[in-house]
Structure formats: C-alpha cells, structure tokens
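Student: here are the coordinates; sequence isn't available:
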C-alpha cells in the first residue's frame, strides 16, 4: 500500500479535549453561573467518562481563565470582581479598537464580508429566538476584527481573554428578549461606521458598550465631573471608568459664570468633543433641556454622537434652565418632560449610536422628594436607560431614592452637603448604578489655585510644593501640541533604545517597533507613558500594515529606520538564497515599507526628519563573510539620497554610518570581548563606540540640523 500524507488518518480528539470543549461552551452559554462549583462527579455522569479526562479538561480550562481549580475544595466557574470586569472591559476596548482600525486598513474586503456574515447569523438567531446561536454569532462578530487585523500578536492577546469576555457577554447583559433587537441594530451600525471611515463614531459606540457592560455587572460607576478637557484627561489617567461633563463646570470654565443656561447647544457640543477626545474613556454629558423641541433634541443627539459621547442626560426644567443645586428652577409638566425624553430616545435610536439616555428631574428642590420620585418613575417608562433625581443634599434623600426608585439610577454628590459623606460601597448597596462627583475637581482646582496665588502674592516667589505638578508632569499629561513623535524601528534595545532615551529627554513622544516583545516591555517600563510600543517583524509586510494602523492614534512626525540584522556569515561561493532574502527583507524591504507606512500615517511637523541607520560596512564592504549585510547597508545610502531628493522640502532625510559599536550585533562578529578590544586597535580613536554616541548624532540630525539633508555621517571613531 502506498504511504504518504494522503493516506494519513486524522488523530481523533482525546476525551479530555472533547469534555473541555463541551464544558467551555456550557460556561460561555450561561449553563453555569459565575462562581458555581463544578462537580466532577456530575460531569463524569453527564459525559459517561472517568475522572481522569474530566480533571484534564478542568485543568485545561483553567488556562483560559474560565475555571478556577482550588486544591481540596473543587473546581469553580471564574467569578470576577468588579475590578476584574472593569479591567477586562478596558482590555477588550483597547484591543478591539486597535484591531478594528488595523483590519479596515489591511483587509477591508475580508472585514466587510466577515462582519456581514456575523450580522446575518445574528439576524437569523434573532428571528428564531435562538439565544445560544445569537451569543455565538455575537462573539464571532467581535472575533472578525482580530481575524482580519493582520497582526498575530494582537490576535494572541485577545485570545487570552476571549473566553471570559464571551461568558460575560452572555451573563452580564440584558435578557435576550430585551437586547436582541437593539443589539442587532447596534452591531450593524458599528460595522457601518467602521467601514465608512467613521473611526470616532466606531470608538464612541465601543465606549458606550463598555459602559453598558460595567452597568450590567452591577458595579457602581464613579464619574468625577470635569470642567475642561485637561481635567477629563487627568480623571481618566487616574483610573476612573468614566468622566462627567457637567454644565456647571463647562459654564464656569468657558465663561466664569454660574450655570444659568448661558452656553449654547453648539458650545456644549464643542466642549463634549474636546473632552471625549482628551479622556479616552466614556464621557457622560449634560444635555440640559435639549434646547427646544424634538428637532432640537435630534440635533443635540447627533452632535453628541459625532463628539464621541457615551451617555447624556436631559432634564425637565423650563428654558432658560438653572443649575440643579440652585433654588428657583421652573419645571415643565410631567407629560411634556416625558415627551421630551421619548424624543431623546428616538433621536438616539435614529442616530445609529449606542449612547445611554438618562432622564433627569430637578423636582426635588421645588416640589419635594415624593414628586421627584413620581416624575423619575414616569420618565423610566419613557424608555431611558437610567433615571436621575438631581439636587440631593441629605443622606435621607439618597436613601429614599435608592429605596423607592426602581431600575438603574444615577446619584450626584456635591461637596459640602451631608450626602457627600457617603462612599461608593454604600451607594452601590442602596442600588445606584452611577455616582457623579460633579464639582469635586473644579473646587479642588480652585482651592489649589487660590492657595498658590495667595502665597505668590505674599512672598513674591513661586510656591515650592514637592507633591504638586511640575512642568515635566504637566507635559506628560497634556502631550504638548507640536511636540515631535518619533517612530523608531528596532527601538527596544541598543542604538534604537539610546535614540529613544535622547528623544524622550527632549520632550518627544515615541513609537517603538521591535520584534522582541520582552525587550519592548522593558523599554516601555523605562520610558513610561512617553512611549508606545508595537511588536512587529519587519520581514512581515502584513505585520507592518497592522503596526501602521496603530499609528492613527498618535501620528508620528519623525522616523528612525534603525532595525536591521547582520545575517549568517557566508563566503561568496556559498551564498544561500533564503539567507540573502532574509537579510534583504529586514534591512532593505523592511526599511522601505516602514518608510512608506510613516509617510502615509505621519502628522505634519516643521522640522520633520528621517534618519536611516546604515553602516560603515556600506562603504567598505563589511566584515569577511558578511557581504550581504554590506550590500544592504550600501542600499540604504542610495535610498537616503533618493528620499532626500523626493521628500524635500517637507522632510529632511539623512543617514548614519556607525562603525564598530558595542551592541549585541557585534557578538556574532567577534568571539569575545578580547576580540572586540583587538578590533579597536585599528580605530584611530583606539576604542569601540557606544550606542549613546550614535544616538547623539541621530539626535542632532532629528532635531538640530535644519539645513542638512541627503547626507551620510560616519560615527566610527575615524575608521573608514
């Protein structure tokens, strides 16, 4: 009988594998509750197998995060804390947004086909009332982004949490009958926004879905109020899940005036847009009264949707309105307020954006607690996602709202009131879903400013405060406009990392591309928030395309083509095509593709510059056995001349030609440190160079050589 691959029989899956797959599906489909004990005896009986494959299956599922095996206690379905859910949601939002943007650039047709197929499957499950099939299609929909993103590292990162996310999607969302219609529409709208190029809209819908997931878990969401975009960024950087755009803060920061309805709809939309862009987390916005009738509300909702807002509240005051904490508010009749909220919900649905609508009543200060509760109950019937009784000042009022108002609800705590002493844990126990700290940051900022100004006025000197913000911390927070953003390939070690350090010291932001994830993590830890990293192998064109997509979030202004490999030593009569191609693919093709990606993604900058890392080997042929390396570095010298000619006057392009530099690449040329020192004897300066000495030359070319382009600078200690 002939032998060969065609005659092989596929190995059937083991019993443990089959048990693990069935149990995984059961957990994801909600057949178990979070934290439920999984009885080995019950599983053995259900599958008709012995304990051994069941235990192997449970151990395997432990690696996916679905099961926790506790010695001597048993096995349990994972049971995430509120913080765990928040981290998973953040992780999912971050990864999914980047994967989606990569996919739309590198595999648009495949992405469109995959999303269309997933939505079609969801529609069939919706029509059939098949909850299980709908959940699987929902998970498949989100998996399409990662399947098409072109970057295996991003896909692998998603797989670490995929099973847990799928389970939470089943267990922590509204009942199937309630969510399937709106969910189907939302998934269609998300796909349409992404494929039409509306990246901001897509990101906003992801933020809203993140907010819904957090609410569904039952954890209270703390949303400090931000008077401006800088405060919104600080709130997000501090680790809060959401930011509140308060009308009082917006009016105070823009006009220095009280919240008496002085800001126009357009001004509030501008404020919302700036805050959503700065924060990067869901923003809950004040929409006042809706600024008129249903048509005005439609415009407000459209403006907020385009701004990237995740949720907004509409109140029941007459126009002109007053701050909910002030006396003298005049209310519209309950029926009119209810109609206003129905119009807001309809406008939200028509916008195609998954924003949450909050119905707010200001009746507490004018009509009392019972009237406020009655209005809030009525507004809940208008289809809003949450209700909100504003103007609360006492603990008794908080308790009454928590006890007597059913459904998801918002509370706002104001500094200086009795209610301000309540903590989040107690508010959650009372049944609140969101807590707004509307003016805490505004008052804290004013307090700090007043103290600093008083000290400056009395002493004539800038106050010295070791705990306060210095200019460096401020610069890191705001990412100063106009600061360069330097993309460095091969940036995680050696010369690349040395250049990164010098660029960061100049105030630049960094993109580090490298194929070594461990080195990238170490570089990220050292450089902090100034650096963003992306694991990419320049020999992989798809990976470069995926990395390019990520640049949209922080477009680079400068480029250092530093990545390169030496390759194996080969004599001229023993050249290997595969090895030649490997060196060429990184040193030349990778440089060309990285440069093209930079040019497509870059942001304009008056001193834009590119530095290509060649080598003295490009002019002298290089070390024996490394003719291919020398040839590729010579190619970079020619490429530098061509780029300098074609990209002038917008971008300066120069090359560096290092000599023998003390980096890891030299370990493949010199057997040991003695051999390296012996080589130094032939260098006029009598020593090998350091990565920082090359970085110093690169720093000059990047930032301080405005009339230098098309040049090659040797950094070799006088070696030719």
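Tutor: Sure thing, it's come through. The structure displayed is predicted, hence computed values, not measured ones.
Student: need the strands for the stretch 101-250 of the chain, in chain order.
Tutor: With DSSP state E, counting those that start in this stretch as the criterion, the stretch 101-250 of the chain has strands at 221-224, 243-245.
Student: single out the most deeply packed of those.
Tutor: strand 243-245 (a mean of 30; mean count of other Cβ atoms under 10 Å). C-beta coordinates here come from the backbone N, C-alpha and C atoms, glycine included.
Student: what's that one in contact with?
Tutor: 223-226, 232, 235-236, 271-272, 275, 279, 281-286, 309, 436-438 (Cβ atoms under 8 Å, 6 or more residues apart in numbering).
Student: got it, and stretch 416-424?
Tutor: Outside stretch 416-424, the residues within contact range by Cβ under 8 Å, 6+ apart are 220, 222, 392, 393, 394, 395, 397, 398, 413, 414, 435.
Student: what residues of it count as buried?
Tutor: Buried positions in stretch 416-424, judged by neighbour count with 16 or more other Cβ atoms under 10 Å: 417, 419, 422.
Student: out of the strands of the stretch 101-250 of the chain, which gets nearest to residue 408?
Tutor: Proximity to residue 408 (Cβ to Cβ) singles out strand 221-224 among the strands of the stretch 101-250 of the chain, at 10.4 Å.
Student: now do that closest one: which elements does it pack against?
Tutor: Applying 3 or more Cβ pairs under 8 Å, 6 or more residues apart in numbering; DSSP states H and E, one finds that strand 221-224 contacts helix 199-216, strand 243-245, strand 434-437.
Student: could the ones you listed go into CSV alongside mean pLDDT and distance to residue 136?
Tutor: What follows is the helices and strands packed on strand 221-224, written out as CSV (pLDDT from 0 to 100; distance: least, Cβ to Cβ, whole Å):
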stretch, mean pLDDT, distance to residue 136
helix 199-216, 74, 18
strand 243-245, 92, 34
strand 434-437, 93, 31
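Student: for those, give me CSV that also has distance to residue 549.
Tutor: CSV is the format used below for those (distance: least, Cβ to Cβ, whole Å):
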stretch, distance to residue 549
helix 199-216, 10
strand 243-245, 26
strand 434-437, 33
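Student: deepest-packed of these, please.
Tutor: With neighbours taken as mean count of other Cβ under 10 Å, the helices and strands packed on strand 221-224 reach their highest mean count in strand 243-245, at a mean of 30.
Student: next one: that one to chain centre, how far?
Tutor: In terms of Cα atoms, centre = their mean, to the nearest Å, the centre of strand 243-245 is set 18 Å apart from its chain centre.
Student: what about the helices in the stretch 601-720 of the chain?
Tutor: Using DSSP state H, counting those that start in this stretch, the helices of the stretch 601-720 of the chain run over residues 617-620, 627-647, 673-680, 691-703.
Student: for residue 518, find the nearest of the ones you listed.
Tutor: Comparison of the helices of the stretch 601-720 of the chain against residue 518 by Cβ to Cβ identifies helix 691-703 as nearest, at 18.5 Å.
Student: what mean pLDDT does the closest one get?
Tutor: For helix 691-703, mean pLDDT is 94.
Student: picking that back up, hmm, which of the contacts of stretch 416-424 are the buried ones?
Tutor: Among the contacts of stretch 416-424, the ones that count as buried by 16+ other Cβ under 10 Å are 220, 222, 392, 393, 397, 398, 413, 414, 435.
Student: next one: phi and psi at residue 293?
Tutor: When read as degrees, to the nearest 10, the backbone of residue 293 gives phi -90, psi -170.
Student: out of the strands of the stretch 101-250 of the chain, nearest to residue 17?
Tutor: Ranking the strands of the stretch 101-250 of the chain by distance to residue 17, with Cβ to Cβ as the measure, places strand 221-224 first at 39.9 Å.
Student: need the contact partners of that closest one.
Tutor: 211, 214-215, 235, 240-244, 284, 424, 433-437, 440-441.
Student: likewise for stretch 400-414?
Tutor: 215, 313, 324-325, 358, 360, 369, 372-373, 376-377, 380, 385-390, 392-393, 398, 419-420, 422, 427, 430-439.
Student: narrow those to those in helices?
Tutor: Per DSSP state H, helices hold the following members of those: 215, 369, 372, 373, 376, 377, 380, 398, 427.
Student: ok, now how distant is the nearest residue to the second one once chain neighbours are set aside from residue 417?
Tutor: Meaning residue 369. Leaving aside its chain neighbours, residue 369 sits nearest to residue 400 (5.4 Å; criterion: Cβ to Cβ, 6 or more residues apart in numbering). From residue 400 over to residue 417 the distance is 15 Å, taken as Cβ to Cβ, to the nearest Å.
Student: before we move on, what about residue 58?
Tutor: Distance of residue 58 to residue 417, computed by Cβ to Cβ: 51 Å.
Student: repeat that for residue 81.
Tutor: 30 Å.
Student: next one: residue 63
Tutor: Residue 63 is 49 Å from residue 417, by Cβ to Cβ.
Student: residue 654 contacts residue 706, correct?
Tutor: No: Residue 654 is not in contact with residue 706 according to Cβ atoms under 8 Å; the separation is 11.8 Å.
Student: filter the ones in helices among the contacts of stretch 400-414 down to the buried ones, ChimeraX style.
Tutor: Command for ChimeraX that selects the buried part of the ones in helices among the contacts of stretch 400-414, burial taken from 16+ other Cβ under 10 Å:
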select :215,369,372,373,376,380,398,427
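Student: and the ones in helices among the contacts of stretch 400-414 as CSV, adding distance to residue 249?
Tutor: CSV is the format used below for those (distance: Cβ to Cβ, whole Å):
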residue, distance to residue 249
215, 23
369, 26
372, 23
373, 27
376, 24
377, 29
380, 27
398, 22
427, 21
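Student: okay, among the ones in helices among the contacts of stretch 400-414, which ones form the most distant pair?
Tutor: Based on Cβ to Cβ, the longest span within the ones in helices among the contacts of stretch 400-414 runs between 215 and 369 and measures 24.6 Å.
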